[in-house]
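Novice: Here is a sequence with its predicted model. Questions after.
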Amino acid sequence: MALETAAPLASTRVPYEVLTLPPASGTTRARAGRLTTPHGVVDTPQFMPVGTNATVKALDPDDIVSTGAQIILANTYHLYLRPGHERIERLGGLHRFMAWDRPILTDSGGYQVVSLADSRVIDDDGATFRSHIDGGTHRLTPETVMQIQEALGPDIAVAFDHPVFPSSPRAEVEDATERTHRWAERSLRAHTREDQALFGVIQGGLEPDLRARSTQFIASMPFDGLCIGGLAGDETPVERALALDVVIPVLEADPRPRYLMGLGSPRDLLEAVHAGVDLFDSVLPARVARTGQVWVPGDRLNLRNAAFLDDPRPIQDDCPCLACRRFSRAYLAHLFRARELLAYRLATCHNLTFTLDFMTRIRTAIKAGVFPESLTELRARAGRSIRGQATDEPA
Ligand SMILES: [Zn+2]
């Protein structure tokens, strides 16, 4: 079957403008754009820090702003289970609840049902599972997931989907992909909030024909943006690149933002932008920070190493973050050894600042028309990639 570029569908709920198109030479599919949400503008390519439980772990909203974040992600599954979407709605919605007045995206919960919940049973109507918190039985359907996200009130909601690990057998991928399509239609029908965007999810695993078919199907529907699901799992970077080489050409003339869910190491972000992706999220920068690992240009430091106990330098000389402005590697190394809570806040501020600064460098290069030429320098700054990043911790 020949691939046809999906017809773009007009949407005004979160207008997206492509400001810099990829060059006609075809040396890169990277593009720069601007997403306008009810709570502010998001420059793309962009990375979203993850606030699983309506908090980016260890940071307050001022800290999050200071890292350069323009938009954060919160997890539908977690907030549905605790404290409950109806309670958050009664308390004024998610923005007010967590005192964050900038854009928020909530995910579909599908990934957490598959990766976190116990004894889940997925049928065509929905998913029944036991809570990872208290073992209680719950059921999510496309319709209830829309109700939950409309109650939470993020700027962007995501259609309920059935993800599978990239390495799953073809029959399993095909089954989950077809179900995701049926659930996408039901999500669209159930979603009523006009001040909230709805993104659809492309699945298809690593099977080129299933991936292409899923891209065409989801892109043919009036979603406000397109999520690329089922990657950032156990696939290799080469497998991921091949999958993106199927997805992005189908979407070439599509004006909507493309969001690859779950990717977070600087090198992986860079290559995915090069492949044509606009938006990302991951717990990775914050999670590795809490283990004492901080990113610096071209490298990663483990602050638990004894070598840092006498090191008076900041983590990174030119970094504007809370940790680097005021504190030494020696102080951080001490805090981690003493398991002091400030260690987690400072290291998280640094890794998110590094990641968001890296995205700014990428956007600047794209807008200046020198992105492919800058790849060598950007790859050197990114350092090596980190595998196994998509697993979600029970929080
Ligand atoms: Zn720093």
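Specialist: Great, that's in hand.

Novice: Please count neighbours and contacts with C-alpha atoms only from this point.
Specialist: Will do.

Novice: what does the stretch 251-395 of the chain put close to the ion?
Specialist: Neighbours of the ion within the stretch 251-395 of the chain, by CA under 5 Å from the ion: 319, 321, 324, 350.

Novice: In ChimeraX, how would I select the buried members of these?
Specialist: A single ChimeraX command selects the buried members of those (16 or more other CA atoms under 10 Å):
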select :319,321,324,350
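
Novice: Go through the residues of the stretch 251-395 of the chain next to the ion and say which is closest to Arg381.
Specialist: For Arg381, the nearest member of those is Cys319. The distance, counting by CA to CA, is 13.4 Å.

Novice: Do a quick rundown of the helices in the stretch 1-150 of the chain.
Specialist: For the stretch 1-150 of the chain, helices defined by DSSP state H, counting those that start in this stretch occupy the ranges 61-66, 76-81, 85-90, 94-98, 110-115, 142-152.

Novice: Against which helices or strands is the fifth one packed?
Specialist: Of the remaining helices and strands, those touching helix 110-115 by 3 or more CA pairs under 8 Å, 6 or more residues apart in numbering; DSSP states H and E are helix 76-81.

Novice: how far is the helix it packs on from where the chain is centred?
Specialist: Relative to its chain's centre, helix 76-81 lies at 17 Å (CA atoms, centre = their mean, to the nearest Å).

Novice: Wasn't Arg379 part of a helix?
Specialist: Yes - assessed by DSSP: H, G, I helix; E, B strand; the rest coil, Arg379 belongs to a helix.

Novice: Neighbours of it, how many?
Specialist: When neighbours are defined as other CA atoms under 10 Å, Arg379 has 17 of them.

Novice: How about Arg182?
Specialist: When neighbours are counted by other CA under 10 Å, Arg182 registers 16.

Novice: any idea how far it lies from the ion?
Specialist: 45 Å (CA to the ion, to the nearest Å).

Novice: just to confirm, which helix or strand has that residue in it?
Specialist: Secondary structure from DSSP states H and E places Arg182 in helix 170-190.

Novice: That helix packs against which elements?
Specialist: Helix 170-190 packs on helix 142-152, strand 197-202, helix 208-219, going by 3+ CA pairs under 8 Å, 6+ apart.

Novice: could the ones you listed go into a markdown table alongside mean neighbour count?
Specialist: Listed next are those as a markdown table, based on neighbours: other CA atoms under 10 Å:
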| stretch | mean neighbour count |
| --- | --- |
| helix 142-152 | 24 |
| strand 197-202 | 29 |
| helix 208-219 | 21 |
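
Novice: can you redo the ones you listed as JSON lines with distance to Asp281?
Specialist: Formatted as JSON lines, those follow (distance: least, CA to CA, whole Å):
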{"stretch": "helix 142-152", "distance to Asp281": "18"}
{"stretch": "strand 197-202", "distance to Asp281": "14"}
{"stretch": "helix 208-219", "distance to Asp281": "20"}
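
Novice: Neighbours of Ile156, how many?
Specialist: The local packing of Ile156 (other CA under 10 Å) involves 24 other residues.

Novice: quick one: which of the helices of the stretch 1-150 of the chain has the weakest pLDDT on average?
Specialist: Least confident of the helices of the stretch 1-150 of the chain, judged by mean pLDDT, is helix 110-115 with a mean of 92.

Novice: List the buried residues in that helix.
Specialist: Applying 16+ other CA under 10 Å to helix 110-115 flags 110-115 as buried.

Novice: Under the pLDDT cut-off, which ranges of the stretch 201-350 of the chain? List them.
Specialist: Counting by pLDDT under 70, the stretch 201-350 of the chain contains no low-confidence range.

Novice: ok so, going back, tell me which of the residues of the stretch 251-395 of the chain next to the ion is nearest to Arg258?
Specialist: For these, the closest approach to Arg258 (CA to CA) belongs to His350, at 26.8 Å.

Novice: Just the buried residues of the helix or strand hosting that closest one, please?
Specialist: Assessed by DSSP H and E, His350 sits inside helix 341-367. Neighbour counts over helix 341-367 (16+ other CA under 10 Å) mark 343-360, 362-363, 365-367 as buried.

Novice: The residue nearest to the spatial centre of the chain pairs with what?
Specialist: With distances taken as CA atoms, centre = their mean, the residue of the chain nearest its centroid is Asp281 (1.8 Å). With DSSP bridges as the criterion, Asp281 is bridged to Met48, Met261.

Novice: Distance-wise, check it relative to the ion.
Specialist: For Asp281, the distance to the ion (CA to the ion) stands at 20 Å.

Novice: any idea how far Tyr16 is from that residue?
Specialist: Separation of Asp281 from Tyr16 (CA to CA, to the nearest Å) stands at 18 Å.

Novice: One more: Val370?
Specialist: Distance, Val370 to Tyr16, using CA to CA: 23 Å.

Novice: What of Arg267?
Specialist: Distance, Arg267 to Tyr16, by CA to CA: 25 Å.

Novice: between Val370 and Tyr16, which one's more packed in?
Specialist: It is Tyr16, of Val370 and Tyr16, that has more neighbours when counted by other CA under 10 Å, with 22 against 13.

Novice: What sits closest to the more buried one if chain neighbours are left out?
Specialist: If the residues on either side of it in the chain are set aside, Tyr16 comes closest to Leu35, at 4.4 Å by CA to CA, 6 or more residues apart in numbering.

Novice: dump the residue contacts of that neighbour.
Specialist: 14-17, 41-44, 257 (CA atoms under 8 Å, 6 or more residues apart in numbering).

Novice: Including distance to Pro61, could the residues you listed go into JSON lines?
Specialist: Converted to JSON lines, the contacts of Leu35 look like this (distance: CA to CA, whole Å):
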{"residue": "Val14", "distance to Pro61": "23"}
{"residue": "Pro15", "distance to Pro61": "25"}
{"residue": "Tyr16", "distance to Pro61": "25"}
{"residue": "Glu17", "distance to Pro61": "27"}
{"residue": "Val41", "distance to Pro61": "17"}
{"residue": "Val42", "distance to Pro61": "17"}
{"residue": "Asp43", "distance to Pro61": "19"}
{"residue": "Thr44", "distance to Pro61": "21"}
{"residue": "Pro257", "distance to Pro61": "26"}
